[in-house]
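Student: Sharing a sequence plus its predicted fold:
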Amino acid sequence: MMSKKLLRFFTVLMLLPTLCWADVINIKQDAPQKYVVQKGDTLWDISKMYLDKPWLWPELWRTNTYIKNPHLIYPGDELSLRKNEQGDTVIDLVRQPAKAEIKISPEGTKSVKLAEPIPALPWSTIRPFIENDQIMQQVEYDRHPYILGNQEGSVLFASNNIALSKASRSYQTKFNVLHKQNEIYDMAGNFIGLQVRHVANAEAVDADLDNQRLIKIEDANYEVQRGDRLVPQEDNEPTSITLSGATDQRGFIIDDLEQHRLLGKYNVVIVDLGSDQVSAGMVMGIYAQGPNIIDDVTPKYKGENNPLANAFILDSDIIQPALKIGEIVVFKVFEKASYALITRSSKVISRGAIVARP
């Protein structure tokens, strides 16, 4: 049977977002009456310009029936606020005619490229951390061919180096070179997956070999090592993202991409929620919970004098409420975990912080 103290803990965790925050649309007092979208804007920045809760952005468009997707905003579009018949503030959009950019190749071929919507998040901040970076299962990582060495007996390789690798089962000639950076575990110590970093590109070199393959290292961002894996190149850059607020999802920050102990705004973190629980664009609040308090003649924090003493939760322990200290936006989702960007932080954030409804 679950102890009273453990039951109290889960009750506090379940009620925590509901007790403190409800999804009410409040337009900021300093929100512009009119705004023309600029190249370089992000949807997140514009949403924050109008709302304290940017994930409620689609609600501002509820009476604008000709806008099918409020997440697709283009440079040149004009946004304006107005009151509807019910007295609610809503947003209107004057869309500029679609512009096309015509490019002529050296061979004289014309290509037409339509204007692209502004991105949801500042990819310039995220890209150095997530370009082809992945969370993979060990069996998936092991199935890819790996780098063996080179004629000079080097253990590290850089751009323009020629190296020998195991032969690939794929007929592709262009690869991402991936390095196993870290093993990821949840708060209970269960293995989640491998944090895999994209360290370079590689291209196959023609050679008559049976079980090996010569490759040329290209565009190395980090040193390539023996054992690094060769994975066929794919375009994995995030595309359109729809902002939404988490509802009953709850998890923890279990790591970050640089293995820092203390985190803040614009750090990229790993949360223990996978593709069956979250999606790209989901906004979550970050909550911190202080140590339990032993309610005695002289109140003490749990383990204050001796970290090994009072290891079990007693009925006299007081579980502190979890307080909101920031927000994240999930932007890349894997089977058992996800990458998220810290977009707000009022305190230093570390592993073990709770993520839940914003």
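Tutor: Right, received. Where do you want to start? Residues are numbered from 1 along each chain as shown.
Student: Any regions of the stretch 51-200 of the chain where pLDDT drops low?
Tutor: Scanning the stretch 51-200 of the chain for pLDDT under 70 picks out 63, 65, 98-114, 128-129, 170.
Student: again, only this time at 80
Tutor: Scanning the stretch 51-200 of the chain with the threshold set as pLDDT under 80 gives 62-68, 84-88, 95-115, 123-132, 168-171.
Student: residue ranges of the helices in it, please?
Tutor: 123-130, 138-142 (DSSP state H, counting those that start in this stretch).
Student: Buried residues of the shortest one, list them for me.
Tutor: Of the residues in helix 138-142, those with enough neighbours to count as buried (16 or more other Cβ atoms under 10 Å) are Tyr141. (Glycine included, C-beta is placed from N, CA and C.)
Student: and that helix, what other elements does it pack with?
Tutor: Packing partners of helix 138-142 (3 or more Cβ pairs under 8 Å, 6 or more residues apart in numbering; DSSP states H and E): strand 191-205.
Student: The strand it packs on pairs with which strands, parallel or anti?
Tutor: Strand pairing for strand 191-205, using DSSP bridges, gives strand 134-136 (antiparallel), strand 174-185 (antiparallel), strand 212-218 (antiparallel).
Student: how about these in CSV, adding mean neighbour count and distance to Ala158?
Tutor: As requested, these are exported to CSV (neighbours: other Cβ atoms under 10 Å; distance: least, Cβ to Cβ, whole Å):
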stretch, mean neighbour count, distance to Ala158
strand 134-136, 21, 23
strand 174-185, 19, 11
strand 212-218, 19, 6
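Student: closest to Ile241 out of the ones you listed?
Tutor: Smallest distance to Ile241 across those (Cβ to Cβ): 18.0 Å, for strand 134-136.
Student: how far is that closest one from where the chain is centred?
Tutor: Per Cα atoms, centre = their mean, to the nearest Å, the displacement of strand 134-136 from the mean C-alpha position of its chain is 13 Å.
Student: can you give me the strands in the stretch 1-150 of the chain?
Tutor: Using DSSP state E, counting those that start in this stretch, the strands of the stretch 1-150 of the chain run over residues 34-36, 78-83, 89-94, 100-104, 110-114, 134-136, 147-149.
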